[in-house]
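K.L.:
Just a sequence and a predicted model for now, questions to come.
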Amino acid sequence: MSGTDPNELEGDPYRHTCLVPYVDPDTAPPNIQERLKVLPFRRNILLTLAHSHGLFPHISGLLGACFDGNQRSIPVHEWQLIVLRVGTILQAKYEIDVNKPVAEVFGFPQEKFDAIGCCIEDVMRGQGPWSDRDRVILRMTEEQLSTYDNKPETIEDALKSLSVGDVVEVLLIIGVYATLARVIKGLKVDEDEPIPDLKEKIKTAITG
């Protein structure tokens, strides 16, 4: 089922760069409206994805699971490490801007923000502020984004500190946020308007 005609909503005050209009949450089908409630504030990426009436409910469910500490198996700071690294490598500024406040709310250290763009060789040499789990997650992310593959030795190293479920979840999160980055960049999704009390709202929507 196709979404809104790209020539509609020309007067949308939120749309300046996006190549397609944003879904109007007030007129979207009921199941799409419900899935847009995954966050209690506007995000342009969600209003872009919502054009895919068949797929959006499922990707919204995946994102909702990432937001929920009872469903996500890895700690919130490792989830955010993956997201920020994916956004940095793929040069998806919107993805970084949306997730940095989440990382800040949950105490992601400034030294890790500062080092998020470091080269993988430094990570593998033991440089930087990374834990052993961080390092192997960064290796997995780097390999996936470079080759869509992982070296057997990387997975072997990962399984020394992560469970099998954690390893699979890391790969899924890499894929989800790489997909989001492609949509963000391909359709030129606009930066979001400032959200009042954003960090307080994040605390109500996302759990560690």
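P.N.:
Yes, it's here. Residues are numbered from 1 along each chain as shown.
K.L.:
how about the CA coordinates for the host helix or strand of Asp97, as PDB?
P.N.:
In the assignment (DSSP states H and E), Asp97 maps to helix 93-105. The C-alpha coordinates for helix 93-105 follow below in PDB (Å, rounded to 0.1, in the frame of the first residue of the first chain):
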ATOM      1  CA  LYS A  93      23.900  13.500  11.400                       C
ATOM      2  CA  TYR A  94      20.200  13.200  12.200                       C
ATOM      3  CA  GLU A  95      20.700   9.800  13.700                       C
ATOM      4  CA  ILE A  96      23.500  11.100  15.900                       C
ATOM      5  CA  ASP A  97      21.500  14.200  16.900                       C
ATOM      6  CA  VAL A  98      18.400  12.100  17.900                       C
ATOM      7  CA  ASN A  99      20.400   9.600  19.900                       C
ATOM      8  CA  LYS A 100      22.900  11.800  21.700                       C
ATOM      9  CA  PRO A 101      20.400  13.100  24.200                       C
ATOM     10  CA  VAL A 102      19.300   9.500  24.900                       C
ATOM     11  CA  ALA A 103      23.000   8.500  25.600                       C
ATOM     12  CA  GLU A 104      23.400  11.600  27.800                       C
ATOM     13  CA  VAL A 105      20.300  10.800  29.900                       C
END
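K.L.:
what about Ala178, neighbour count?
P.N.:
20 (other CB atoms under 10 Å). Where you see a C-beta, it was placed from the backbone N, CA and C, and this is true even at glycine.
K.L.:
residues in contact with the closest residue to Phe41 other than its chain neighbours?
P.N.:
Closest residue to Phe41 apart from its sequence neighbours, by CB to CB, 6 or more residues apart in numbering: Ile195 at 5.0 Å. Ile195 sits next to Phe41, Arg42, Lys201 when contact means CB atoms under 8 Å, 6 or more residues apart in numbering.
K.L.:
what helices or strands is the helix holding Asp97 leaning on?
P.N.:
If you count contacts as 3 or more CB pairs under 8 Å, 6 or more residues apart in numbering; DSSP states H and E, helix 93-105 packs onto helix 44-49, helix 76-89, helix 164-186, helix 198-205.
K.L.:
average model confidence for the first one?
P.N.:
Averaged over helix 44-49, pLDDT sits at 98.
K.L.:
so how far is it off the chain centroid?
P.N.:
In terms of CA atoms, centre = their mean, to the nearest Å, the centre of helix 44-49 is found 13 Å from the chain centre.
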